[in-house]
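# When you get a sec, could you give me coordinates for this:
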Amino acid sequence: MSEAVKTLIFLAVAVVMGGLAYVSRPAPATSAPEEQVNQPLFPEFTDPLQAESMQITRFDSDRGQIRRFEVANTSDGWQIKSKGDYPANATQHMTQAANSLVDLKVLRIVSDLPGQQAEYGVVEPNANAISAADEGVGQMVTIEDKSDKTLANLIVGAADKEDPQLRYVRVPGRDRIYLVRLDPTVFSTEFSDWIDKDLLQLNPFDVASLLFRNYTMQAANNRINVLPQMDATVAFDAEQSSWKLLSLQETSASDKTQLAAAELGSGEKLNTEKLDEIRNSLDDLTIADVFRKPEQLADVLKKGEGLKGLKQEDLPTLYANGFFPYQLPGEDEPQLVGLNGELVIETQDAIRYRLLFGIETLGGDNKDQKQQFLFVQTELVDEMLPPPTLQEVPEIKEGEDQDIEAQAKAREKILQENDAAMTAYREKKNVAMRKIYELNTRFADWYYVVKAEDVAKILLKRDQLAAPINQPTNQPSGVPGRAFPGGPGMGMMRPPMQQPAPQQPAAQPMPQPETTEKPASEEPADAKPTGEEPAGDEASKEETPVKEEPAETPAEPMKAAEEPSEKPAETEESVDTPDENEKPEEESAE
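Residues are numbered from 1 along each chain as shown. Model (predicted):
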């Protein structure tokens, strides 16, 4: 090949490459700088109510990954699409975000030079164009209408040094950098900012009793063992505004393997101040993060049939987060239990909440913040809603000296009173059952993550149960095991959750899962969801009470996350398509 031909080939390649570079370059502004000053940056976006979805894309420099947060208005209401369609309280947030971009005016043209984008923090967060070493990457906000038409698209950059209320921004695909007045906090990507954070939706003054089941679990040699610590049942007498200790079981110094009946010491009384703190803290238990449960497992939990419908493929995700099918001492059948104990709450409206405490992990805004997985279930407390005692309906007696009409009236009155009593009973039970259905429908789909410090506020250790008698507390302690008047309309309420005689906690075989599936962990915006559960670091692993990991069971997932990129507390996460909720069917109790 001659030198002339080579030269022509090189020239042709240069022309092609130059053409490609020209075509792919950011588009210049369509108007002169002076024409845009004091004019809206998005002149066609005039009505904030048009906004039906928002995507916020940012660059996580700590992990070198792109994160995306997306919220949209669907047929089921506002949902966080990047969190498995978790329900969102987004109306107010979306209005604020949309209003900030409607009539957003240009205050000044800063630059048209692409080389200055990093300086002003308006580099587009694009996984194909940036690396962990890149600086000056902005946060991109995209708002669309119900037909997916883009209403506004903006890269929000650094704040002005002289006036922090001013921000440098750029429209993606254009070089021009603008200075505008904008509050970027309205584009929050914090999961907790977009949801109803009240996990239990429980009024603390509705609490009738609390059962603290303090234990830890160990997995060893393919078996699960429970290490008991204390079972304590306390109840609140609403009429007397006082706490009573109904039962106490704890281990002894000579035998740490089983619980035995116990009582407070002669110099102790019930620590009512601590119990008041715990009851009030139930209202402060807030959601930090969520992970969707597998559809099959969620369906089983919604039916409220215990573990009857549980399948082998449901076990890995339960194990991974610290929840196990197990028959605790004193229970009639196996049920789900938590790796780090549980708290059982009974309310005046006959609803029992079971809070199971799973693994601890690290995450949240502070990457070293301790968090804990939480499993919540509710059920009806049948003993608190006994059927009414009906009056005997007399037969009408005939005879010369019998007033048949009077007997008929009396009989009719008794029938009406019996009917009214049964109607009131059914209505009260139906109200409770409907609430339980609604709660379980919400709880069944999700593993909740809460701050470990919030969990500590609702737990009760043995040394916190009692206070010295010479130390004043709010209320006197009660007599263990004695029934007491319940709340209004409850009559004499049974001692809630009395514990049977303790049994030796025998080790139970650990079911063998066929897979090691984990709930979805945080993924970059440009990556497909893996559905894997986040892992934790070595510090959390050491705190987990699993001393020995069985060779063929998913003990490994019980470790806390090791890689920061897989921590479960990040809020911008892509998750699988949501389950469809079933409609509640009205239940009547005969």
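
# ok, now which ones touch the closest residue to residue 377 other than its chain neighbours?
The shortest distance from residue 377 to any non-neighbouring residue, by CB to CB, 6 or more residues apart in numbering, is to residue 354 (4.6 Å). Where C-beta positions appear, they are placed from N, C-alpha and C, glycine not excepted. Contacts for residue 354 (CB atoms under 8 Å, 6 or more residues apart in numbering) come out as 342, 343, 344, 376, 377, 378, 379.

# make it 7 Å
342, 344, 377 (CB atoms under 7 Å, 6 or more residues apart in numbering).

# which residues does the first one bridge with?
Beta-bridge partners for residue 342, by DSSP bridges, are residue 213, residue 356.

# I'd like the distance from it to residue 195, if you could.
Separation of residue 342 from residue 195 (CB to CB, to the nearest Å) stands at 24 Å.

# same thing with residue 243?
For residue 243, the distance to residue 195 equals 33 Å [CB to CB].

# Repeat that for residue 260.
Residue 260 is 44 Å from residue 195, by CB to CB.

# Show me which of these two is the more surrounded one.
Set residue 260 next to residue 195 and count neighbours by other CB atoms under 10 Å: residue 195 wins out with 22 against 14.

# pLDDT score for that one?
On pLDDT, residue 195 comes in at 93.

# so it makes contact with residue 286?
No: Residue 195 lies out of contact with residue 286 (CB atoms under 7 Å); the separation is 9.4 Å.

# remind me which residues of the stretch 51-200 of the chain are low pLDDT?
Low-confidence segments of the stretch 51-200 of the chain (pLDDT under 70): 127, 129-133.

# List only buried entries from the contacts of residue 354.
342, 344, 377 (16 or more other CB atoms under 10 Å).

# where does the last one fall, helix, sheet strand or coil?
Spelled out, it's residue 377. The three-state label given to residue 377 by DSSP: H, G, I helix; E, B strand; the rest coil is strand.

# Would you mind measuring from it to residue 51?
Using CB to CB, residue 377 is found at 37 Å from residue 51.

# now the helices: where do they sit in the stretch 51-200 of the chain?
Secondary structure of the stretch 51-200 of the chain (DSSP state H, counting those that start in this stretch): helices at 91-101.

# host element of the residue nearest to residue 377?
Residue 354 is part of strand 351-363 when elements are defined by DSSP states H and E.

# List the buried residues in that strand.
Across strand 351-363, burial judged by 16+ other CB under 10 Å covers 351-363.

# how about the CA coordinates for that strand, as CSV?
Extracted in CSV, the C-alpha atoms of strand 351-363 (Å, rounded to 0.1, in the frame of the first residue of the first chain):
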residue,chain,number,x,y,z
ILE,A,351,-55.0,-6.9,68.9
ARG,A,352,-51.7,-8.7,69.5
TYR,A,353,-48.6,-7.3,67.9
ARG,A,354,-45.5,-9.6,67.6
LEU,A,355,-42.3,-7.8,67.0
LEU,A,356,-39.4,-10.2,66.1
PHE,A,357,-35.9,-8.8,66.3
GLY,A,358,-33.6,-10.1,63.5
ILE,A,359,-30.0,-9.4,62.6
GLU,A,360,-28.2,-6.2,63.2
THR,A,361,-26.4,-4.5,60.3
LEU,A,362,-24.8,-1.2,59.5
GLY,A,363,-26.2,1.5,57.3
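
# can you pull the contacts of the closest residue to residue 370 other than its chain neighbours?
Take residue 370 and drop its neighbours on the chain: the residue closest to it by CB to CB, 6+ apart is residue 452, 3.7 Å away. Shown in contact with residue 452 (CB under 7 Å, 6+ apart): 360, 370, 371, 372.
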